[in-house]
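Trainee: Dropping a prediction and its sequence here:
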Amino acid sequence: MIEFVLDGRSRVATYMQLVLQVKQALRVGLARPGDQLPKVREVARALAINPNTVLKAYRELELEGLAEGRPGVGTFLVGTLAGPALANQAELREDLVVWLRKAEAAGLAHEDIAALIDTTMRATLNWGKT
């Protein structure tokens, strides 16, 4: 089951942080169609946010065809974002974990690591260029 975490320093709206976390879980295979999302009240209580914020996130997922609310039962995932490369992700993730530990041991802070990954991806993969 997905466990949501909020970044209080993020400029991304709280509901959108929840949406993005569900999408990431679907993309990497940590969540699959048929899985139930955490109950709205549980998420609101755990994150100390308004239940309407969680509802807004779940509605957004429904609009995108990734989730479906079932009255009296909960919200379930019905779509996926995992592609055919999902099978290759386990080995790549292991390599990434090793690299991340090396970066941390070298003294890089989490923000430094994120910046290094982001800038390297943009330069290497030509992201954002048309």
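Mentor: Alright, I've got the coordinates.
Trainee: Now stretch 95-108: buried residues?
Mentor: A103 (16 or more other CB atoms under 10 Å). For glycine as for every other residue, the C-beta is placed from the backbone atoms N, C-alpha and C.
Trainee: Was I right to think L55 contacts V40?
Mentor: Yes: contact status for L55 versus V40: in contact at 5.8 Å, counting by CB atoms under 8 Å.
Trainee: can you give me the strands in the protein?
Mentor: 67-70, 74-77 (DSSP state E).
Trainee: buried residues in the last one?
Mentor: What that stands for is strand 74-77. T75, L77.
Trainee: pLDDT score for the spatially most central residue of the chain?
Mentor: The chain has Q21 as the residue nearest its centroid, 2.2 Å off, counting by CA atoms, centre = their mean. Per-residue pLDDT puts Q21 at 97.
Trainee: now do N126
Mentor: 69.
Trainee: do the same with T14
Mentor: On the pLDDT scale, T14 is placed at 96.
Trainee: returning to that earlier point: which residue, other than its chain neighbours, is closest to the residue nearest to the centre of the chain?
Mentor: Leaving aside its chain neighbours, Q21 sits nearest to F4 (5.7 Å; criterion: CB to CB, 6 or more residues apart in numbering).
Trainee: Now render the strands of the chain as TSV, adding mean pLDDT.
Mentor: Output for those, formatted as TSV (pLDDT from 0 to 100):
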stretch	mean pLDDT
strand 67-70	96
strand 74-77	96
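Trainee: low-confidence ranges in the chain?
Mentor: Within the chain, the set of residues satisfying pLDDT under 70 comprises 84-86, 126-130.
Trainee: Tell me how it divides into domains.
Mentor: Per automatic domain parsing, the structural domains of the chain span 14-77, 84-125.
Trainee: most packed of these?
Mentor: Per residue and on average, the most neighbours among the domains of the chain fall to domain 14-77, with a mean of 16 (mean count of other CB atoms under 10 Å).
Trainee: What's the end-to-end length of it?
Mentor: Domain 14-77 has an end-to-end distance of 20 Å (CA to CA, to the nearest Å).
Trainee: ok so, going back, residues contacting the residue nearest to the centre of the chain?
Mentor: When contacts are counted by CB atoms under 8 Å, 6 or more residues apart in numbering, Q21 touches I2, F4, V5.
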